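Novice: just the structure for this:
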Amino acid sequence: MIIDLGIIAAKVFLVLFMVLNLAGLLGWIERKGSALIQDRIGANRASVLGFAGLGLVNTLLADPIKFLTKEDFIPPQGDRLLHTLAPCLALFPALVTFAVIPFGDVLVVGERQINLQVANLNIGILYIFGMASLSVYGIVVGAWASNNKFSLLGGVRGAAQMISYEIAMGLSVIGVIMAYGTLELQQIARAQGELFWGWLPAWGFFLQPVAFLLFFTAAVAETKRTPFDLPEGESELVAGYHVEYSGGKFLMFFVGEFAEIVTAAGLITTLFFGGWQLPYLMRDGFHFPWGGALLLPHLAVVVLQVGAFTIKVLFFCWLQILLRWSLPRFRYDQLMRLGWKMMLPVALVNVVVTAVWIVLRQQLSVKP
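Specialist: Purely as a prediction, here's the structure:
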């Protein structure tokens, strides 16, 4: 029992360490990446003994100290309790959602098999949508508690936006569930290790390309970043729902946004790009479809699996940051039209086509 609790605690620490540190690192990548896109230098002034680290000292040391030592201002007519609670509601769902995302298969230590996943739920996808839907409370509560018309308008925008895109996101995932026949993310990741026609990995991207495009678009909208940053809309709402936040509370909103990016990248990787799978890598090494095998020690296989998952997540994090600085903001009517009149019908059609494809495949596989 004590060993099991220790293993669970170690996995929780590893996931939180990865998500929070990657969220902080993404802040630096966004600043330097946007500087490269806009042909400027970016953060580079703060240094320790002359070492600036290409802006790392700025982002990972100077900025946190600045945020944590700023005055915690609460509007005189605002709700103190809700104003304090809102940043926690915004950060918490992004962290706990990652608990059901598998970052590897199994690690065998002696006679013990350790599932490389914090919580192996058989309804993992339902858990994800349940937790993701809670993040809207952080926006709405923070906007209401601030007693500011700009923050309130940003909160209303955020609630409408998240409802609009969560429906399309849910329908896109239904196609994946139908294709793999399970709600458990670890089983979905393992199923993507199979091969079509003897050589093509059965990744969700190949089975459900339309669902991938829908899910990726909705995931970017869920993170409330350009071109879907209407809840903030600096040119219209000053800073939107968190305009009355400063210091550590604003830092929680800030970190929560990047944690959502990491979680979205983890879900995209798991559902559509094989998760921890590498093509032709089995539990004992590589088995190539053209013949031959490369056997590897168990620990090497685990390292390759975790490394593959990490690289995929980093790529989709970078892609989301690239979109942030490459596309203009939608107007609000364009945002709603995309969610309700374009993505929702396409998602419904994708579910119907997937169902027809599954039925036809089952009928053709039945022997007379």
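Novice: who touches stretch 281-291?
Specialist: By CB atoms under 8 Å, 6 or more residues apart in numbering, the list of residues contacting stretch 281-291 from outside reads 105-106, 193, 195, 198-199, 280, 293-296, 298, 301, 304-305, 308. Quick note: C-beta positions are derived from backbone N, CA and C, even for glycine.
Novice: quick one: mean pLDDT for that stretch?
Specialist: On average, the pLDDT along stretch 281-291 is 88.
Novice: what's the answer for stretch 101-115, then?
Specialist: Here the mean pLDDT over stretch 101-115 is 89, rounded to a whole number.
Novice: in the chain, which spans are strands?
Specialist: Assigned by DSSP state E, the chain shows strands spanning 106-109, 112-115, 195-196, 200-201, 281-282, 285-287, 293-295.
Novice: between those, which one is nearest to residue 2?
Specialist: Among the strands of the chain, the nearest to residue 2 by CB to CB is strand 112-115 (13.2 Å).
Novice: parallel or antiparallel, list what pairs with that closest one.
Specialist: Each strand that pairs with strand 112-115, with its direction, by DSSP bridges: strand 106-109 (antiparallel).
Novice: CA-only coordinates of the partner strand in PDB, if you can.
Specialist: Coordinates of the C-alpha atoms in strand 106-109 are reproduced here as PDB (Å, rounded to 0.1, in the frame of the first residue of the first chain):
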ATOM      1  CA  VAL A 106       4.100   0.600 -18.700                       C
ATOM      2  CA  LEU A 107       7.300   0.600 -16.700                       C
ATOM      3  CA  VAL A 108       8.200  -2.800 -15.400                       C
ATOM      4  CA  VAL A 109      10.200  -2.800 -12.100                       C
END
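Novice: now it: buried residues?
Specialist: Along strand 106-109, the positions that meet the burial threshold by neighbour count (16 or more other CB atoms under 10 Å) are 106, 107.
Novice: do the same with stretch 210-220
Specialist: Neighbour counts using 16+ other CB under 10 Å place 211, 212, 213, 214, 215, 216, 217, 218, 219, 220 of stretch 210-220 among the buried residues.
Novice: rebuild these as JSON lines, extending it with distance to residue 324 and pLDDT.
Specialist: Putting the buried residues of stretch 210-220 into JSON lines (distance: CB to CB, whole Å; pLDDT from 0 to 100) gives the following:
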{"residue": "211", "distance to residue 324": "23", "pLDDT": "95"}
{"residue": "212", "distance to residue 324": "20", "pLDDT": "96"}
{"residue": "213", "distance to residue 324": "18", "pLDDT": "96"}
{"residue": "214", "distance to residue 324": "20", "pLDDT": "95"}
{"residue": "215", "distance to residue 324": "18", "pLDDT": "95"}
{"residue": "216", "distance to residue 324": "14", "pLDDT": "95"}
{"residue": "217", "distance to residue 324": "14", "pLDDT": "94"}
{"residue": "218", "distance to residue 324": "16", "pLDDT": "93"}
{"residue": "219", "distance to residue 324": "13", "pLDDT": "92"}
{"residue": "220", "distance to residue 324": "9", "pLDDT": "91"}
